[in-house]
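J.: Predicted model, plus sequence, below.
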Amino acid sequence: MRSGLKAGSHFLYGIFIFAVIGLAACRDRQSPSANGLTPIRLQLDWYPQPEQGGFFAAQLAGYYRAEGLDVSLLPIPQYGSVAQIVSTGKAEFGLGSSDQVLEWNSNGLPLVAVFATMQHDPQAIMVHKNSPIRDFNDLSGHSIAAQTGATWLKYVINRYHLHDVRQLPTTLSIANFLADPGYVQQIFITSEPFFAEQAGAQVRNLLISSSGYDPYRVILTTRDYAAQRPDVVARFVRASIRGWNEYLRDPGPTNAQLLQLNPALNPAQEAYTAKALREGGFVTGGDTTGTQTGRMDAARWNAMYEQLKSLGILNGPVDLTATYSLKYVQ
């Protein structure tokens, strides 16, 4: 499940739409496709949205088919786990983050990241424009609405010695934020600020990555699948990179498709998210040529591993080199 929560009343309707899509998509993908293409299931971490635009763009533009792949983009079940779905073979690939991959491996799930879908995580905290909070040090004495067990919050509390910070349960809306000028909320910077501004609020945001906690968003698979089907992994990664670069270049066609898949979206929201992804350099790392799309760096994986170890997050020994592969993005 994605680590940030989308806001707005469209959530429940989106779950319904995505569940209906999922019933059609969740067929047996182990049997060969009649068209001769290799069947692939990508387990998404939310319902159709621009933050997944590169995968839908690759499907829409035929990049997966050009690589000999028949790709289904699957919904996350209401109480599902990407890690469990992929590790049990119900999907070949899934979406997650580098810190999650390390934690899942420490829990005995042999998962490996093969591609960075985002160079930097768009998670942030949102405050009102007149809030005294301008840096993480300023969170002392405040309450933060954040996802239960949020590792980034443990890191921030530890690094900035914020032991008087109180964590509130997060909700699926920004109603509390709009009602309370002192409210501090975990968000995706590509989403919730749009809804807050549409409601008349003026906001500021602090990206979690600016605290020093900066996981990749990744595509993952099992180590067995990567070892047995390296050619399929390489083709899937290659087409996905093309899809992301295409989406950032011209999100219009994909956004139109996303709107059909999830009518709870709206064109203004889609345009806001696509612009935020592009201007924030979340996918490309700020390199507008797209040459960094998908790339990962061993030093950043090691830094994340050391951060999780220092926080006592990992439940057992982890072979760091087995949790990611750099060979699929050249």
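T.: The structure has been received and is ready for your questions. Residues are numbered from 1 along each chain as shown.
J.: Show the average pLDDT along the lengthiest strand in the chain.
T.: Ranked by residue count under DSSP state E, the longest strand found in the chain is strand 111-118. For strand 111-118, mean pLDDT is 98.
J.: what do you get for stretch 167-187?
T.: Averaging pLDDT along stretch 167-187 yields 94.
J.: Show me the helices in the stretch 1-150 of the chain, by range?
T.: With DSSP state H, counting those that start in this stretch as the criterion, the stretch 1-150 of the chain has helices at 10-25, 53-60, 63-66, 82-87, 98-106.
J.: now for the fourth one, which elements pack on it?
T.: Translated: helix 82-87. Helix 82-87 sits against strand 38-43, strand 93-97, helix 98-106, strand 111-118, strand 217-222, with contacts defined as 3 or more CB pairs under 8 Å, 6 or more residues apart in numbering; DSSP states H and E. (Each C-beta comes from the backbone N, C-alpha and C, glycine too.)
J.: what distance separates the longest strand of the chain from the middle of the whole chain?
T.: In terms of CA atoms, centre = their mean, to the nearest Å, the centre of strand 111-118 is found 11 Å from the chain centre.
J.: Please identify the buried residues of stretch 241-253?
T.: For stretch 241-253, a neighbour-count test (16 or more other CB atoms under 10 Å) marks Ile241, Arg242, Gly243, Trp244, Asn245, Glu246, Tyr247, Leu248, Pro251 as buried.
J.: would you turn the residues you listed into TSV with secondary structure?
T.: Shown next, in TSV, are the buried residues of stretch 241-253 (DSSP: H, G, I helix; E, B strand; the rest coil):
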residue	secondary structure
Ile241	helix
Arg242	helix
Gly243	helix
Trp244	helix
Asn245	helix
Glu246	helix
Tyr247	helix
Leu248	helix
Pro251	coil
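J.: possible to save those as CSV with pLDDT?
T.: Listed next are the buried residues of stretch 241-253 as CSV, based on pLDDT from 0 to 100:
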residue, pLDDT
Ile241, 97
Arg242, 97
Gly243, 98
Trp244, 97
Asn245, 96
Glu246, 97
Tyr247, 98
Leu248, 97
Pro251, 98
